[in-house]
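[1] The following block contains a protein sequence and its predicted model.
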Number of protein chains: 2
Amino acid sequence: MLFYYFSLTAGILSLLFAIFVAWEVMKKPEGTPKMQEISKAIREGANAYLNRQLKTILLFAVIIAIALYFIPLKGFGLALTGAFIVGAVTSYLTAYLGMSVAVRANARTAKSAESGLKEAFWTGIAGGAVTGFAAVGFSLIGLSLLLIGLGANAFTVLIGFGFGASLISLFARVGGGIYTKAADVGADLVGKTELNLPEDDPRNPAVIADLVGDTVGDCAGMAADVFESYSVTLVAALLIPVGLIASGIGITGGIPIGAAIGYPLLIACLGFVGSVVSIPILKKFGKTPNKALYWGIGAAVFVSAVLDLVLTSMMHVGMNMFVPVLSGLLLAFILFWVADYYTGSKSRFVVKIANASVGGAGTNVITGLAVGLRSTWLPVFFIVLAILASYATGGIYGIGIAAVGMLSITATILTIDSFGPITDNAGGIAEMAGLPANVRKVTDHLDALGNTTKATTKAYAIGGAALSATALLVAFTQAVHLTSIDALSPVVMAGVFIGALLPFVFASFLMEAVGTAANLMVNEVRRQVKTIKGLIQGKAKPDYARAVDIATINAIKSLAVPELIAIVTPIAVGLILGTRALGGLLVGMIPASLMLALFMANSGAAMDNAKKYIESGHLGGKGSDAHKAAVVGDTLGDPLKDTAGPALNSMIKVVSTISILLAAVFIAYALVH
Amino acid sequence: MLFYYFSLTAGILSLLFAIFVAWEVMKKPEGTPKMQEISKAIREGANAYLNRQLKTILLFAVIIAIALYFIPLKGFGLALTGAFIVGAVTSYLTAYLGMSVAVRANARTAKSAESGLKEAFWTGIAGGAVTGFAAVGFSLIGLSLLLIGLGANAFTVLIGFGFGASLISLFARVGGGIYTKAADVGADLVGKTELNLPEDDPRNPAVIADLVGDTVGDCAGMAADVFESYSVTLVAALLIPVGLIASGIGITGGIPIGAAIGYPLLIACLGFVGSVVSIPILKKFGKTPNKALYWGIGAAVFVSAVLDLVLTSMMHVGMNMFVPVLSGLLLAFILFWVADYYTGSKSRFVVKIANASVGGAGTNVITGLAVGLRSTWLPVFFIVLAILASYATGGIYGIGIAAVGMLSITATILTIDSFGPITDNAGGIAEMAGLPANVRKVTDHLDALGNTTKATTKAYAIGGAALSATALLVAFTQAVHLTSIDALSPVVMAGVFIGALLPFVFASFLMEAVGTAANLMVNEVRRQVKTIKGLIQGKAKPDYARAVDIATINAIKSLAVPELIAIVTPIAVGLILGTRALGGLLVGMIPASLMLALFMANSGAAMDNAKKYIESGHLGGKGSDAHKAAVVGDTLGDPLKDTAGPALNSMIKVVSTISILLAAVFIAYALVH
């Protein structure tokens, strides 16, 4: 179909745009030799981690690829294995490329801070844009090539592509999340609390590991996560109309299948255009970066919406289909705003947590968790509204379209997100290289902003995961030929219970892993402080590499169990309790994961900013008792917001895609039918 | 029917047994004048709280009773209003009577500690048994009288009885939960952390409020909660077979309706017999109280199971119906054991949290929450197993029977639970009255054991709530004539999302209320320490009443919003999105609440015991840095385990019963059908 070439072209353009922006970044000067040296150390640490992670991934991926090839059922075999590999490779390339640029943009951002806020902001944004547009580019190219190469057969194996992306995402999110917080918590607990060193002090042995963690967690992990949401949402939006036709139900409004397949692909293309427009807007408003973010996302949403309106009027899908698209686009903006409302540095909830810190660490964490619990309602309210509006106007097909609408501006969101770890690193490099105070003021400002962008884009990633999983749920029922998932059936209800259980157990392993690895890091830092003479006086260099190693090894070690739980549970339920129970599992898992992820991400972000609020001079400022209490809250918040919370996104998509992938197996071999 | 007179008789016997045990307790000496004085202060504080709470309850209850009377639909009117009042009054009487005895048993337990562990254990158990058997007595009497008085019409209004019980439970759990933890956290934060006073030191101005909190939260709150589970489970088990017949589906195995109704009532009667047997067993093994608990519950389960086996063989229900009964009974035992496994003072998870405290408060709470998250899987595994086994052998009817089986030994469980606040109080009185060290060793031992019983019986209450809500879900679909709750319908899925959201938002208000009230308490304690001269030297008495007042006022003030959320949400969803969405809400809410409640209750209990583990001399003992870190974890754990977690039980039952109660209204007036 012609549409496939449109999306292929958009994908290629997106990749070219990413390369163009990368070029822009690389042209910039990298600063003093000291800065280059630090940046190089971060780069080496990040590469070391990615290489080791790759080995583990390969082990899993090869086993799965072989298994997919040998499952003796129609639709399986070489094409499916191929699709799986394409999904995995494009996802990995996105994470790798994005991170490679991020670890080069960090020193350049610090250097450009000499020329002022606007210039530094732009360097960070440009660095982030590489990840954003690479993700969209690789996803569209991979998907389009599969569609072009396999024709109508592609729909049988498309889910393999989604599963490949999911698997990488799971590794990148889980591994990166454990790494980054083990290093961060470890660095903070000894460095800040015991030794009273400032953040990113070069005397802290864990400081390089901490900076590496930002890139492998927030950049590579997030990129793989959103790449996956983007990819599986498109896959689901393509599978749903095909399934509706195949089952004889037909698509709402009698939309012809060609248009029904082309429509989501073109929405993705137009979302790419909207995202491109957002980049110069972000640059233009760079003097007031906080406002620039809203302008940038607003522009992406607005331009995409206008283009989508034109598209809808030109295609044979009916004007009512614009409602799902618009719902999705608005949802992207709303989720961004809601996260800011609850966790932004000026949020009244953040101030409340800060005030509670005066009562001690206990009341700080009580209030912090309360805020996170509360923050779930607005996102869910709007997600429910979007689902209902989309269904009312576009039927089941409309739900897939809403998800595509929301994720169509992925490039913009990922740009803003990846800006976070770059400026975080830039701040660290400025501090370690001892840049002058006025430069550090700029990098500090951007560092704080980066925290906000990380929090707000996380809400987008969580909401996007929930919406795409809902679309996948529809695709799943089509794949296993279920016409209903009736919760009155105890087998289904058993599935619902297991599904709600899954995110809790999964999250527990991640929290535990951070706790354990952070403890090891604490011991290592204490050991170095004790044994390396002159370290605290700044006369001797700490052994950064050892700390990097500890974070790496422990993150990889802790990967296996949660990964296996996410992969094995749906298979076991599908084989033992059958497809209806597996449907129930998805129904129970999606909302429970959504709540838990929002709760964790927002609690953590709000406690982080409450600490920063105190550090900015309120309630006694740095070193006060309230500050000490807030540091405890921040420490708890770290794995909540950067490890367990976001990893749930990857988990629900892996579970969803594997359920669809093995549909035929469950139908053939399930014990209960 | 004859069965109604059986259950009435069992109810009367249970109440007589409660009175007999109360008599046993009251005969015992109350100790020195000093002890009597402290006990009196606790009593007065508890009464002051209950009276104030009653006013708020009456306000709500009168409005609801009038509303029920005026709703112009068949089946509503005087009988329903009457059933509602009976449910509310019997529930309140249970909580009131249980607490009245508990606040008299406390000093007597402390006094009897002079005669050794066994005697003191028995006094505490006897005091707790009053609550346990009063609950079963009042519930069976109320229910039986309604059945006898109204005949076949009773089934239309029975849910009013359940809703009355639910409403009181919601108030008692929420209000009591906020009260107890505001006082506890407030007392600890200043008393233990800032002033280095021991627990329950008479110089701490919040100490009486803390002791009052134990009884209004753990005794009255828990009593109303479990009373409600017991009552609504019986109601659901009666409604399900009636609904199965009315809808023409019929009961599995063709059980005649008379037998199907009599069977659960008789299981409840036999569970009462089993519970009675457990009391002398508990007394007999009193020298080793930890073992005695297992023996007591084991005896109740065993005797009930044997009697139920005989019953099953004598009634026309088929021997396969014994499987659901046994599943329920075993589940009671298993949930008790699982909580002990994760949170008991010798649990390896508790030791892990304690070890993590060495890294600071941050790693302590990270590990504590990880343990709570992990602890969800075993209970859910066994609940799912029980549901599947019950359905396989007894169909939908079997699920109701399993719930009745589990809750049939309520009297024993509630006995062991109420033992907790009594011995907690006894420990406080012993400390404040300056009893000799050997006596305090006994009360300390029992105090620690009481913590375990509170934690383990909480797991029972949570599991019981989930199972009874599942039975209510079945009754709901019958009431609104739904033959399926199809999650593929977006309206249902919207309900599922809202349902999963509800416990998170509800819990956030409770956490916040504790944070706020605890802060006020901290300020008050600090104020008294500063302004009352000679307080710290023990020369001047603190103003206990002021602290009691603060806890009371703030608990009542914080009640309204969460209560309204629990009541208004199902009504709004039912009226706006219709009965299918409301069914979805129940499906989403039950598992999400179950997970969140288990997570919160077990996190809190494990962090509490981790602190106690350190206090018993490990890792540096009291006053060490690890201990300080563990105190932070305990402070966070307090509202998790005693406020938010258990209140979710009451919430899900209120939501379930109100959904059934207003079924006819939703059918008639819903916007979406």
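    Everything's here; your move. Numbers count the residues shown, from 1 in each chain, chains lettered A, B, ... in the order given.

[2] So which bits of the stretch 251-400 of chain A are right by chain B?
    A:356, A:358-363, A:365-367, A:369-374, A:376-377, A:380, A:383-384, A:387-388, A:390-391, A:396, A:399 (Cβ under 8 Å from any Cβ of the partner chain). In this view, the C-beta of every residue, glycine as well, is placed from N, C-alpha and C.

[3] isn't A:Leu594 right up against A:Ala466?
    Yes - using Cβ atoms under 8 Å, A:Leu594 is in contact with A:Ala466, at 4.3 Å.

[4] Can you work out which residues contact both of the two?
    A:Ile383 (Cβ atoms under 8 Å, 6 or more residues apart in numbering or on different chains).

[5] which residues does the closest residue to chain B within the stretch 251-400 of chain A contact?
    Proximity of the stretch 251-400 of chain A to chain B (Cβ to the nearest Cβ) peaks at A:Gly362, 2.8 Å away. A:Gly362 makes contact with B:Val185, B:Asp188, B:Leu189, B:Val631, B:Val632, B:Asp634, B:Thr635, B:Leu636 under the criterion Cβ under 8 Å, 6+ apart.

[6] Now do the contacts for the first one.
    Put plainly, it is B:Val185. Taking Cβ under 8 Å, 6+ apart, one finds A:Gly362, A:Thr363, A:Ile366, B:Val514, B:Ala518, B:Met521, B:Thr635, B:Asp638, B:Pro639 in contact with B:Val185.

[7] Spatially central residue in chain A, please.
    A:Met222 (3.2 Å; Cα atoms, centre = their mean).

[8] So what's the predicted local confidence for that residue?
    You'll see A:Met222 listed with a pLDDT of 88.

[9] what does A:Trp377 give?
    96.

[10] which SS class is the residue of the stretch 251-400 of chain A closest to chain B?
    Secondary structure, DSSP: H, G, I helix; E, B strand; the rest coil: A:Gly362 is helix.

[11] what's the nearest residue to it if we skip its chain neighbours?
    B:Thr635 (2.8 Å; Cβ to Cβ, 6 or more residues apart in numbering or on different chains).

[12] isn't the one you found right up against A:Gly359?
    No - applying Cβ under 8 Å as the test, B:Thr635 and A:Gly359 come out as separate, 9.3 Å apart.

[13] Could I get the contacting residues of A:Tyr179?
    A:Tyr49, A:Val212, A:Gly213, A:Val216, A:Gly217, A:Ala551, A:Thr552, A:Asn554, A:Ala555.

[14] Let me know how buried the fourth one is, in neighbour terms.
    The number of residues packed near A:Val216 is 32, by other Cβ atoms under 10 Å in any protein chain shown.

[15] pretty sure it contacts A:Gly98?
    No - using Cβ under 8 Å, A:Val216 is not in contact with A:Gly98, being 11.0 Å away.

[16] Report the buried residues of the helix or strand encompassing the residue nearest to the centre of chain A.
    Using DSSP states H and E, A:Met222 maps to helix A:222-246. Of the residues in helix A:222-246, A:222-244 count as buried by neighbour count, 16 or more other Cβ atoms under 10 Å in any protein chain shown.

[17] OK, contacts around the residue nearest to A:Gly362?
    A:Gly360, A:Ala361, A:Gly362, A:Thr363, A:Val365, A:Ile366, B:Val185, B:Asp188, B:Leu189.

[18] can you redo these as CSV with pLDDT and distance to A:Ala300?
    CSV is the format used below for the contacts of B:Thr635 (pLDDT from 0 to 100; distance: Cβ to Cβ, whole Å):
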residue, pLDDT, distance to A:Ala300
A:Gly360, 89, 43
A:Ala361, 92, 40
A:Gly362, 91, 42
A:Thr363, 91, 40
A:Val365, 96, 36
A:Ile366, 96, 38
B:Val185, 86, 46
B:Asp188, 84, 50
B:Leu189, 82, 47
